[in-house]
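Student: Next come a sequence and a model predicted from it.
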Amino acid sequence: MPNPLQWIGAAVLGFFAEIGRLTVFASRVKFAAFTPRWYPGQVWRQVVNIGFYSLPVVGLSAVFIGAALALNIYEGGSRYGAEQFVPSIVVLGITRELGATITGLMLAGRVSAGISAEIGAMRVTEQIDALETLSASPYRYLYAPRFLAAIIALPLLVLVADIIGIMGGWLVSVYGLGFDSTTYLRNTLDFLTNEDVLVGLIKAVVFGAVIAIMGCYQGDRSEAGATGVGRAATLSMVGAAVLVLAANYLMSTLFVEIGL
């Protein structure tokens with residue numbers, strides 16, 4: 001008879017071993033990213049790929065999230081005669097939480113899986129081995145540029161998502177719920193603070209690091225064949241999404257504790 005305790009023990013040990021491997025990999029990527037030698041051309045190419053090409057999906061997601069948020073806040077507030085708080089809650093929810101989180105989840109699907117598939121294909125076709133043979137570190141030439149590009153592009157995308165999300169709420173509120181446009185915008189600007197925007201940007205930097213590291217890590221560990229590359233892309237997407245949500249909760253708790 002199989003021993004269930006043996007299964008549980010093996011699963012726990014495997015879990016901690018995976019955490020250890022990921023931690024070591026992330027440390028090597030960060031060291032390579034913030035010490036010479038750098039590859040500006042590779043970084044710029046990845047900024048365009050991660051940031052510019054993600055604008056459509058981020059913009060569409062943000063406008064619908066902002067619109068849906070305004071509708072639901074209006075519906076809840078109308079039960080207590082608090083409809084006037086719609087612009088304040090929309091701008092707070094978008095800038096502190098939804099703008100960064102939705103952008104992070106969208107890029108976990110698009111960018112992390114894409115990085116993993118790209119790196120995985122290079123791993124199984126021995127291109128990474130060829131780099132190492134030529135004394136070119138894959139950490140500096142492949143992984144660090146993607147890491148730097150992600151932590152640069154994510155805050156910019158979050159700023160765009162915040163603006164579009166707030167305007168999505170404005171469109172629904174003014175043209176669907178009968179709010180006065182000038183009053184809505186004035187209440188939004190009066191309630192918005194620099195700390196609200198800063199919280200979202202800090203989260204974006206962390207999310208960018210998580211997305212890039214998970215994509216590179218799973219791609220580097222990809223097994224041979226199309227199945228192995230596909231599995232690496234799936235694991236990177238799921239892992240990045242879970243870590244984005246976990247990091248969002250931890251950072252939100254920290255910001256509340258320190259009053260930011």
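Tutor: Nice, thanks for sending it over.

Student: show me what contacts the most centrally placed residue in the chain?
Tutor: Nearest to the mean C-alpha position of the chain, counting by C-alpha atoms, centre = their mean, stands residue 104 at 2.3 Å. Residue 104 makes contact with 154, 203, 204, 207, 210, 211, 244, 248, according to C-beta atoms under 8 Å, 6 or more residues apart in numbering. Backbone N, C-alpha and C define where each C-beta goes, glycine included.

Student: Reformat those as a markdown table; add neighbour count and secondary structure.
Tutor: Output for the contacts of residue 104, formatted as a markdown table (neighbours: other C-beta atoms under 10 Å; DSSP: H, G, I helix; E, B strand; the rest coil):
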| residue | neighbour count | secondary structure |
| --- | --- | --- |
| 154 | 30 | helix |
| 203 | 26 | helix |
| 204 | 27 | helix |
| 207 | 30 | helix |
| 210 | 26 | helix |
| 211 | 34 | helix |
| 244 | 26 | helix |
| 248 | 18 | helix |
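
Student: hmm, back to that, tell me which residues in the host helix or strand of the residue nearest to the centre of the chain are buried?
Tutor: Per DSSP states H and E, residue 104 falls inside helix 99-107. Across helix 99-107, burial judged by 16 or more other C-beta atoms under 10 Å covers 99, 100, 101, 102, 103, 104, 105, 106, 107.

Student: cool, stretch 49-65 as well?
Tutor: Using 16+ other C-beta under 10 Å as the test for burial, stretch 49-65 gives 49, 50, 51, 54, 58, 59, 61, 62, 63, 65.

Student: Looking at those, spot the one nearest residue 121.
Tutor: When those are ranked by distance to residue 121 (C-beta to C-beta), residue 49 comes first, at 15.3 Å.

Student: which residue sits closest to that closest one, ignoring its sequence neighbours?
Tutor: Distance criterion C-beta to C-beta, 6 or more residues apart in numbering; nearest residue to residue 49, sequence neighbours excluded, is residue 149 at 7.5 Å.

Student: The one you found: neighbouring residues, count only.
Tutor: 25 (other C-beta atoms under 10 Å).

Student: got the contact list for it?
Tutor: Residues in contact with residue 149 (C-beta under 8 Å, 6+ apart) are 43, 44, 45, 46, 47, 49, 50, 51, 212.
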